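Visitor: Just a sequence and a predicted model for now, questions to come.
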Amino acid sequence: MRILIHAGFHKTGTTTVQKTLLANRKVMRPCRIVLRPGMVALCEAARAYSVSRSQTDLGLIQYEAAYLAEDWGAENTDLIISSEDLSGHMPGRRGLTSYDATPYIMRAITQAFAAALPDAEQIVYFTTRAQGPWLRSCYVQHLRATRITLSADDYAARMANSADLDGIVAQVADGLPDIRVIAQPLEGCTTPLGPLGPLLDVLGIAPGPVAPRPPDNTAPPQGKIDAMLALNRSDLSDADWRVARDALKREHF
């Protein structure tokens, strides 16, 4: 039994991976696919710990992971679990400036899986992205969700240290010496399956019957980005801002 943990990062093609897996769930059998809806409590525990850094939340991660693993182990089949929330909150949210909680989250999850399924091989898999495009994509995501008033350049300058995704992967690998930890740059995913292709290669799954899909969560036109920033900087009340924001988001933002 193998467990591949695709734990992020945000804005590195994760949504495309997950939607492609979901659309091809039948042809992926007997490999079991588990996305966020199948492990909500574990994802929320990881997000909570990334903010609190409390031993209670870290223990809750281990509890939720062990609970899931005991259920999955009954099937004795390969697993792909995928959610960027397993890395915690995206930097820029809740005062976070990096993914420095991720190594602790990954250690807690893999220890729980090892205790529940000692014979299973675990693989920790991250998609990564070059600093400039990643910061830009995160900025747009924050515009979609929060009343951020920084320009894209100011955001990139302030959050530059958060973009060291390879450094976080290296820390994860240092903390998990007996587990294979993989970093796959998004820029290197040039096959029709995009970021899913290298993931399937790791498991030795032939991609032939898997139907590709276009990238998800792509950036809106610059004009929409400028309009959202202007809206965020306006003197609207928060209630009126939310109404206007939601209207703009319906226009393919």
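Guide: Here it is on my side, so go on. Numbering: from 1, shown residues only.
Visitor: OK, contacts around Glu251?
Guide: Glu251 is in contact with Lys224, counting by CB atoms under 8 Å, 6 or more residues apart in numbering. Glycine gets a C-beta too; all of them are placed from N, C-alpha and C.
Visitor: and if you look at Leu35?
Guide: Neighbouring residues of Leu35 by CB under 8 Å, 6+ apart: 18, 21-22, 81-83.
Visitor: need those in JSON lines with secondary structure, can you?
Guide: Conversion of the contacts of Leu35 to JSON lines gives the following (DSSP: H, G, I helix; E, B strand; the rest coil):
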{"residue": "Gln18", "secondary structure": "helix"}
{"residue": "Leu21", "secondary structure": "helix"}
{"residue": "Leu22", "secondary structure": "helix"}
{"residue": "Ile81", "secondary structure": "strand"}
{"residue": "Ser82", "secondary structure": "strand"}
{"residue": "Ser83", "secondary structure": "coil"}
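Visitor: Dead centre of the chain: give me the residue that sits there.
Guide: What sits nearest the mean C-alpha location of the chain, by CA atoms, centre = their mean, is Glu84, with 1.6 Å.
Visitor: Rebuild the contacts of Leu35 as TSV, extending it with distance to Tyr49 and neighbour count.
Guide: Shown next, in TSV, are the contacts of Leu35 (distance: CB to CB, whole Å; neighbours: other CB atoms under 10 Å):
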residue	distance to Tyr49	neighbour count
Gln18	22	20
Leu21	25	21
Leu22	26	14
Ile81	17	25
Ser82	19	25
Ser83	14	22
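Visitor: picking that back up, what sits against the residue nearest to the centre of the chain?
Guide: Residues in contact with Glu84 (CB under 8 Å, 6+ apart) are 7-10, 12, 14, 90.
Visitor: Strands of the stretch 51-200 of the chain, start to end?
Guide: Secondary structure of the stretch 51-200 of the chain by DSSP state E, counting those that start in this stretch: the strands cover 79-82, 121-128, 180-185.
Visitor: Tell me which of those strands is the most buried.
Guide: Greatest average neighbour count among these goes to strand 79-82 (a mean of 25), per mean count of other CB atoms under 10 Å.
Visitor: What mean pLDDT does it get?
Guide: For strand 79-82, the mean pLDDT works out to 95.
Visitor: Need the three-state assignment for the closest residue in space to the residue nearest to the centre of the chain that isn't next to it in sequence.
Guide: Distances taken as CB to CB, 6 or more residues apart in numbering put Gly8 closest to Glu84, at 3.8 Å, once the chain neighbours are dropped. For Gly8, the assignment made with three-state DSSP gives coil.
Visitor: Render the CA-only coordinates of the longest helix along the chain in PDB, please.
Guide: Identified as the longest helix of the chain according to DSSP state H is helix 55-73. Provided in PDB are the C-alpha atoms of helix 55-73 (Å, rounded to 0.1, in the frame of the first residue of the first chain):
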ATOM      1  CA  GLN A  55       0.400  21.400  20.900                       C
ATOM      2  CA  THR A  56      -3.300  20.900  21.200                       C
ATOM      3  CA  ASP A  57      -3.900  21.600  17.500                       C
ATOM      4  CA  LEU A  58      -0.800  19.600  16.500                       C
ATOM      5  CA  GLY A  59      -2.300  16.700  18.500                       C
ATOM      6  CA  LEU A  60      -5.600  17.200  16.700                       C
ATOM      7  CA  ILE A  61      -3.800  16.800  13.400                       C
ATOM      8  CA  GLN A  62      -2.400  13.500  14.500                       C
ATOM      9  CA  TYR A  63      -5.800  12.300  15.800                       C
ATOM     10  CA  GLU A  64      -7.600  13.200  12.600                       C
ATOM     11  CA  ALA A  65      -4.900  11.600  10.400                       C
ATOM     12  CA  ALA A  66      -4.900   8.400  12.500                       C
ATOM     13  CA  TYR A  67      -8.700   8.200  12.300                       C
ATOM     14  CA  LEU A  68      -8.700   8.500   8.600                       C
ATOM     15  CA  ALA A  69      -5.800   6.100   8.100                       C
ATOM     16  CA  GLU A  70      -7.500   3.400  10.100                       C
ATOM     17  CA  ASP A  71     -10.500   3.600   7.800                       C
ATOM     18  CA  TRP A  72      -8.400   3.700   4.600                       C
ATOM     19  CA  GLY A  73      -6.300   0.800   5.700                       C
END
